[in-house]
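Asker: Here is a sequence with its predicted model. Questions after.
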Amino acid sequence: MNLREKYNIPHDSVITIAGTVGVGKSTMTHALAEALNFRTSLEKVDTNPYLDKFYHDFKRWSFHLQVYFLAERFKEQKRIFEYGGGFIQDRSIYEDTGIFAKMHYEKGTMTATDYETYRNLFDAMVMTPYFPHPHLLIYLEGSLDDVVGRIKERGRPMEQQTPVSYWEEMHSRYENWINSFNACPILRINISDYDLVNDESSIESILEKVGVFINHSRHLQ
Ligand SMILES: Nc1ncnc2c1ncn2[C@@H]1O[C@H](COP(=O)(O)OP(=O)(O)O)[C@@H](O)[C@H]1O
Ligand SMILES: Nc1ncnc2c1ncn2[C@H]1C[C@H](O)[C@@H](COP(=O)(O)O)O1
């Protein structure tokens, strides 16, 4: 019996991993996909034509970057559902608007007109009855110190030059965002409760929670 069967996780499940920058979404995405023999939908950083420019000048590039991310994630969402599920997705589409676009608008690094245009586009594409939501959103949470430590350890140059206050603002926004999120069922996992880097077997405790949770919530849908 494989791990997916052991923990009774349906083969067509779509699980999205949410959480602030550096919290461990990509690591979790790879570990869960490997354990379940699922496909991954990854957030590509190296090929993003705006990200580096954006970190150097938020005002100039925030709208371009949001439109780019929205298009990329929407294409991925389409791919996931064309395959009939069986995917782990690195970051949800909901965070683009609920965290990033909103934060840049409220901090004055995206204009009101650009924000409204972006929101209209997002609502027309995503917040419709035709848009399939994931079966489960796994929310990874951790302390600001741990998260900032991981961003430093990972060492992406554009993120190193960004002041810690940016990560602090994002961290607190994530807490508020998840507390009112209701587009799909949520499983909250604290990063201090597992260690996928040093203890590969810790994925099993997560699979167990996912199995119980996903069956319960899919039964109710
Ligand atoms: N459980 C863990 N324990 C220790 N370090 C971790 C753990 N998970 C991820 N990391 C490290 O933290 C950094 C950020 O992880 P990553 O998965 O890239 O985060 P995200 O995709 O959320 O930005 C990487 O350097 C990664 O190796
Ligand atoms: N929607 C977004 N707006 C601005 N920046 C974003 C958005 N989505 C992701 N990012 C940034 C944050 C990180 O620097 C990289 C990758 O995110 P990660 O959480 O490390 O996977 O892209």
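Answerer: Looks like it arrived, so ask away. Ligands and ions are numbered 1, 2, ... in the order given.

Asker: buried residues in stretch 78-95?
Answerer: Neighbour-count burial for stretch 78-95 flags 80, 85, 86, 87, 88, 89, 90, 91, 92, 93, 94, 95 (criterion: 16 or more other Cβ atoms under 10 Å). Heads up, the C-betas are built off the backbone N, CA and C, glycines and all.

Asker: Stretch 51-60 too?
Answerer: 51, 54, 55, 58.

Asker: do it and ligand 1 meet?
Answerer: No. Using Cβ under 6 Å from any ligand atom, we find that stretch 51-60 stays clear of ligand 1, coming within 12.5 Å at best.

Asker: Between the two ends of that stretch, what distance do you get?
Answerer: 12 Å (Cα to Cα, to the nearest Å).

Asker: how about the buried residues of stretch 51-60, which pair is most distant?
Answerer: 51 and 58 (11.5 Å; Cβ to Cβ).

Asker: Widest-spaced pair of the buried residues of stretch 78-95?
Answerer: 86 and 95 (22.2 Å).

Asker: which bits of this protein sit near ligand 1?
Answerer: Residues of the chain lying near ligand 1 (Cβ under 6 Å from any ligand atom): 19, 21-27, 150, 153-154, 195-197.

Asker: Could I get the full set of helices for the protein?
Answerer: For the chain, applying DSSP state H gives helices covering 3-6, 25-36, 51-56, 58-82, 93-95, 102-106, 112-125, 144-154, 157-160, 164-179, 203-220.

Asker: Output these as CSV; include the columns distance to residue 43.
Answerer: Shown next, in CSV, are the helices of the chain (distance: least, Cβ to Cβ, whole Å):
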stretch, distance to residue 43
helix 3-6, 24
helix 25-36, 7
helix 51-56, 10
helix 58-82, 8
helix 93-95, 10
helix 102-106, 17
helix 112-125, 17
helix 144-154, 14
helix 157-160, 14
helix 164-179, 15
helix 203-220, 20
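
Asker: most tightly surrounded among these?
Answerer: Most buried of the helices of the chain, by mean neighbour count (mean count of other Cβ atoms under 10 Å): helix 93-95, with a mean of 23.

Asker: Figure out which of the helices of the chain is closest to residue 13.
Answerer: helix 203-220 (5.9 Å).

Asker: Could you check the angle that closest one makes with helix 25-36?
Answerer: 80 degrees (axes from the mean of the first three to the mean of the last three Cα atoms, to 10 degrees).

Asker: I'd like to know which elements helix 203-220 is packed against.
Answerer: helix 3-6, helix 25-36, strand 136-141, strand 186-190 (3 or more Cβ pairs under 8 Å, 6 or more residues apart in numbering; DSSP states H and E).

Asker: Please work out which residues outside the shortest one touch it.
Answerer: If you take Cβ atoms under 8 Å, 6 or more residues apart in numbering as the criterion, helix 3-6 is touched by 11, 35, 36, 37, 204, 207.

Asker: Go through stretch 4-22 and flag the buried ones.
Answerer: 4, 7, 9, 13-22.

Asker: how long is it end to end?
Answerer: Stretch 4-22: ends 27 Å apart by Cα to Cα.

Asker: Kindly reformat the contacts of helix 3-6 as a markdown table containing pLDDT and distance to residue 100.
Answerer: A markdown table is the format used below for the contacts of helix 3-6 (pLDDT from 0 to 100; distance: Cβ to Cβ, whole Å):
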| residue | pLDDT | distance to residue 100 |
| --- | --- | --- |
| 11 | 96 | 32 |
| 35 | 97 | 29 |
| 36 | 98 | 28 |
| 37 | 98 | 31 |
| 204 | 95 | 33 |
| 207 | 97 | 30 |
